[in-house]
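Engineer: Got a predicted structure plus its sequence, pasted below:
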Amino acid sequence: VTSSAEDLSFNFKTDGVQESMGFLASWEEVGDSTDLIDTEGKYLISFPRSFIEESPEKICIELFDSEKSDGTIETQVFINDKEDKDSWIFGESPVQKQTIEIKAEEKLKCFDFILPKTKESKGLLNIKVNFKDSTYSVNSFKEITILKKENYPLIQTDKGQYKAKDDVKFRVLLVDHNLKPSEIKTIEELWVEDPRNRRIVQWKDQGLDKGLMQQEFKLSEEPELGTWTINFKAGPLKEKTTFTVSEYVLPKFEVTIEPPAAVLRDTLEAEWKVCAKYTHGGSVKGQVKANFTSTYQRRTWRPPPPIVKNIEMLKIVSADDDCATVTLNSEQIKELTEKVDNFDLKIEFEEEGTGTTEKSKWSGSLVDEAIKLDIGSSSQQFILGGFPYVAEFSVNNHDDSPREDDIEVCVRLFKDANEIRNLFNRRGIWSMDEDEIAEIGKKMVEIKYSSKCHQLRSENGKIKFYVPMNNIPKDVTKLSIKATAINHPANETTKMKQPMRKLDVSLTHTTADLTLSVKEKQRSKISCGEDFKAKVYFSSKPSKEFDLHYHALSKGMIFKSGSIKVSTEQTNALESLVGQAKELSASESNNEKESIEGKVVSDQEIILPIDYKVSPSLKLVVFINDGNQTLTDSHTYDVEACQNHKVKAEWSEEKVYPGSPVTLSVAAEPDSLCAISATDKSVDLLGNKNKVTSETIGKLQAEIGDRKTSRSENYWEYQRKCPQTYDAIKVYESTGIQILTDLSFINSCETITDAKNEPEYEPEIMHSAVAFSAGGGQI
């Protein structure tokens, strides 16, 4: 904004839908507009969107200016303690303030910020950065969510079912968000209710030892049968779980059903293997009653009775057999699935001699594709600029064994179809005349830029390929790859479908001399307790030097940040990138293969130590500042469930005779409180939903992480005016992290507009996500 007047006033007005509470605004005087040139970004500050009170939260500042002096970063939080909670009126004094020194040689500074206990759920975070030479400064405000410290209860019972006169043994475990013992020291009230909600037994003021307590009581000779409930109350925390009381006989054996890998619509025969094993491992002899059923319910206002179809069979497991095989032929399968696709199998296994019966069941559906054709570790975003797009398809049998088969892979390049969609969205085809429809028809034909199909054969269940992506016109925005199993055509009679998968890749164009991409985007879970190596590839001129910055984010927490000095090689690492993949062109001329003059491909590994802090998922964000452009890529990796505290339990013998001595060994950290429970395997066969296992804790970890990542801001202005900036912000937001930066991918987006001269807004269809790569512009 320029003015020759002595006085200049600004009237800021925000979209009432976007910020109903109001906003903060500021302005400063600058030099002539001719002095404003594109500059490289100098800082990036990252911090959690949600702060848990009285818990350390990590804040990081990354500095890109090599000529800076010593400085400080001041962090303070204000809260709204007024009666009107919908206003942005905050107290003059912060509830917490912290100043950290930054040395001139430091490029990355991370520190813990602890917010004190407060009644409020919202706060205003103010971050100030200043340097002694005053080259530049930061003073920014961001709204944050303040979360109360929560405790997470687990109730464990030694069994899932009990009968008269049994001892019911149970434990209560309370942990905080770090899975450490809760600060709660006492359970005020603990009681057990029968199915008629009568209190049968209760305890008061039960002490917790490292967050753990256990109790037990004996059922009477004639207890109420049904579902019983264990309840407890500790301050504001309440929790309950259930167990069953019934007149049962402990199972002597377990019945298992091994189904076929898939029941195809055109199969001639399908087999189910039924086995019964004693708890000591021996095979059970007896009679198998199999009942296949399907149910069709017509959906009308007054539905008629359901149509139920049954196919019953009887099989004998003799002394020479371990299992029985139950078979359906094609006619029986057609009869069961005449009106529905799914059906059930119920098994009753009667033990020979005693007549003891155990049951099992299976449910499944018809499969209409002969093989499994899936997208492998293939990215759906790609930044153009020097290296090929590398991907793979997996081809497997339905039992997941690798398969060799003929696959047709068609590679297509498309221009942006959103212009056509927006034309129909604004006008509608019924309001167009013939000339307009014909003109749009020409544009629709021109959307497909090029296409070429290739015949390939899978090897070890994989089709690995790469597509040269040089010399792609700027109006081409999508790479679409379609794989078709040509040996398995569709059949209208049997209703079998031809296996076909399509991989759509959003293309982002950049004018930078440097591009990057995170490769080896694994879809399998990363193992805990070891280093994970993420490989980043670059396309650039030889011997180019730059800093690769990375953020590893998980559960609303900055797990690791850093930068690596990279010097690209003189030799080309393209072979390392593509490996044994086959080249597939997108056009007959293969113009995309012509290399970009003077560019080479190089790589760099980022080593991340994987532990409990990043379970169950980790997002890696990488970026490079190249002049006035910021290049970045990201990927989310699944991590196996793991905990900080390693515990191991094992028996001294796998199999012993009755009355023989056996030892249970437990290993854990020194001074650990170990709660041990051992039950007979026959008891375990009855099921117990109250077990505390590594899977249970893994789900709890995910639930705790969701608390800091589930809330999302509405960046409507960014989405409307700068979709690439919007995508960049959402990469961080999806992990519960906010950023403050002057990097070009954020700073180049102007969200403040001239309200009097703003052009009329026409809504556009946002069809697909893109990788982000943005450059700064002159103001």
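Structural biologist: Arrived safely. Numbering: from 1, shown residues only.
Engineer: For the stretch 1-150 of the chain, which residues score under the pLDDT cut-off?
Structural biologist: The stretch 1-150 of the chain contains residues with pLDDT under 70 at 14-23, 31-40, 82-89, 91, 134-135.
Engineer: Can you show me the strands along it?
Structural biologist: Residue ranges of the strands in the stretch 1-150 of the chain, as given by DSSP state E, counting those that start in this stretch, are 43-48, 50-52, 56-63, 71-78, 96-102, 108-114, 122-131, 138-147.
Engineer: Mind putting those into a markdown table with distance to Val731 and mean neighbour count?
Structural biologist: (Each C-beta comes from the backbone N, C-alpha and C, glycine too.) Formatted as a markdown table, these follow (distance: least, CB to CB, whole Å; neighbours: other CB atoms under 10 Å):
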| stretch | distance to Val731 | mean neighbour count |
| --- | --- | --- |
| strand 43-48 | 12 | 22 |
| strand 50-52 | 17 | 22 |
| strand 56-63 | 16 | 20 |
| strand 71-78 | 23 | 20 |
| strand 96-102 | 26 | 15 |
| strand 108-114 | 19 | 15 |
| strand 122-131 | 20 | 19 |
| strand 138-147 | 17 | 16 |
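Engineer: Ok, which of those comes nearest Val505?
Structural biologist: Of all those, it is strand 43-48 that lies closest to Val505, at 27.6 Å by CB to CB.
Engineer: Strand partners (parallel or antiparallel) of the closest one?
Structural biologist: strand 56-63 (antiparallel), strand 737-741 (antiparallel) (DSSP bridges).
Engineer: now for those strands, which one comes closest to Glu269?
Structural biologist: Nearest of the strands paired with strand 43-48 (CB to CB): strand 737-741, 55.0 Å.
Engineer: ok, Asp400 - how many residues close by?
Structural biologist: Applying other CB atoms under 10 Å, we find 11 residues neighbouring Asp400.
Engineer: Please apply the same query to the one 4 residues further on.
Structural biologist: Residues near Glu404, counting by other CB under 10 Å, number 10.
Engineer: what sits against it?
Structural biologist: Glu404 sits next to Val395, Arg457, Ser458, Glu459, Asn460, Gly461 when contact means CB atoms under 8 Å, 6 or more residues apart in numbering.
Engineer: Most neighbours out of these, which is it?
Structural biologist: Val395 (26 neighbours).
Engineer: secondary structure class for that one?
Structural biologist: Under DSSP: H, G, I helix; E, B strand; the rest coil, Val395 falls in the strand class.
Engineer: State the pLDDT value of it.
Structural biologist: Confidence at Val395, expressed as pLDDT, is 95.
Engineer: I'd like the distance between Asp399 and Ile371.
Structural biologist: 11 Å (CB to CB, to the nearest Å).
Engineer: Pairing partners for the residue lying closest to Pro56 once chain neighbours are set aside in the sheet, please.
Structural biologist: The shortest distance from Pro56 to any non-neighbouring residue, by CB to CB, 6 or more residues apart in numbering, is to Asp112 (3.7 Å). Taking DSSP bridges as the rule, Asp112 bridges to Lys58.
Engineer: Lys58 is in contact with Asp112, correct?
Structural biologist: Yes - using CB atoms under 8 Å, Asp112 is in contact with Lys58, at 6.0 Å.
Engineer: Done for today, thanks.
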